[in-house]
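Novice: Let's see this in three dimensions:
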Amino acid sequence: MTKLKAFRLDSKLVMKLSALSKKTKRSEKHFVEEALIHYFNDYEDAMIARERFEDPHTELLSSRELKRRLSV
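Specialist: Sure, this is the predicted structure:
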């Protein structure tokens, strides 16, 4: 199911979005959806990392120790 959302974008973003859409023959909707999906995934990953970093029970490893444990 889709829902309609209306919002304003900076004119430079609109021009880039429009140009990319025309160049690739894909809809502007496609690029907005893809951008939001990637943004939300990255944001969720960052929140998980932050929670783990702030958890006093989480074991923090240096890159050297991580490589040693992974035998890299």
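
Novice: Mind checking the pLDDT average for the strand or helix carrying Ala49?
Specialist: Using DSSP states H and E, Ala49 sits within helix 28-54. For helix 28-54, mean pLDDT rounds to 96.

Novice: do stretch 5-17 as well
Specialist: 97.

Novice: which other residues reach that stretch?
Specialist: Glu28, Phe31, Val32 (CB atoms under 8 Å, 6 or more residues apart in numbering). Where you see a C-beta, it was placed from the backbone N, CA and C, and this is true even at glycine.

Novice: what's the neighbour count on Leu20?
Specialist: Applying other CB atoms under 10 Å, we find 13 residues neighbouring Leu20.

Novice: Identify the residues contacting it.
Specialist: Arg26, Phe31.

Novice: Spit out the contact partners of Phe31.
Specialist: Leu17, Leu20, Ser21.
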